[in-house]
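Participant: Everything below, folded, please.
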Amino acid sequence: MNDPNLTPKPDTQDEIPATPLRCLIGAIISGGVGYGCYLLMVAIATSFANKPIHSDNQLALRISSAVRTLVLGVATLGTGIFALVTLGLLALAIQLLFQGLTKKPEA
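Facilitator: Model (predicted):
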């Protein structure tokens, strides 16, 4: 079960340095996915607004209202997360660009 001759192999993956171009490409991809989430959120909200709940049962009204809120909240959360990732990657790209311009050449 415990073999003392087995040693874990170290990870030999080299880290790829962050560059402004890589950050901008990531921001474009994240922004596209965020925009898609936004369009989905608007479609869901419009669909829910156009189809009101018709029931006399109070429990059914509360459950359907909770489910609608949950579905719309998940779509909104996805939109917000991707928007924040996009902004963060854009800020990182700007920071790396300024660091590259103000970096003193090594002699």
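Participant: Any stretches of this protein with poor pLDDT?
Facilitator: Low-confidence segments of the chain (pLDDT under 70): 1-12, 105-107.
Participant: secondary structure element for the nearest residue in space to Gly31 that is not next to it in sequence?
Facilitator: Once flanking residues are discounted, Gly31 sits nearest to Thr86: 4.4 Å by C-beta to C-beta, 6 or more residues apart in numbering. All C-beta spots, glycine's among them, are computed from the backbone N, C-alpha and C. Element membership for Thr86 (DSSP states H and E) is helix 58-102.
Participant: Same question for Gly26.
Facilitator: If you go by DSSP H and E, Gly26 is part of helix 20-50.
Participant: Centre of the chain to that helix, how far?
Facilitator: Put simply, helix 20-50 sits 9 Å off its chain's centre (C-alpha atoms, centre = their mean, to the nearest Å).
Participant: Which residues in it does the neighbour count mark as buried?
Facilitator: Buried residues in helix 20-50, counted by 16 or more other C-beta atoms under 10 Å: 20, 23-24, 26-27, 30-31, 33-34, 37-38, 41, 44, 48.
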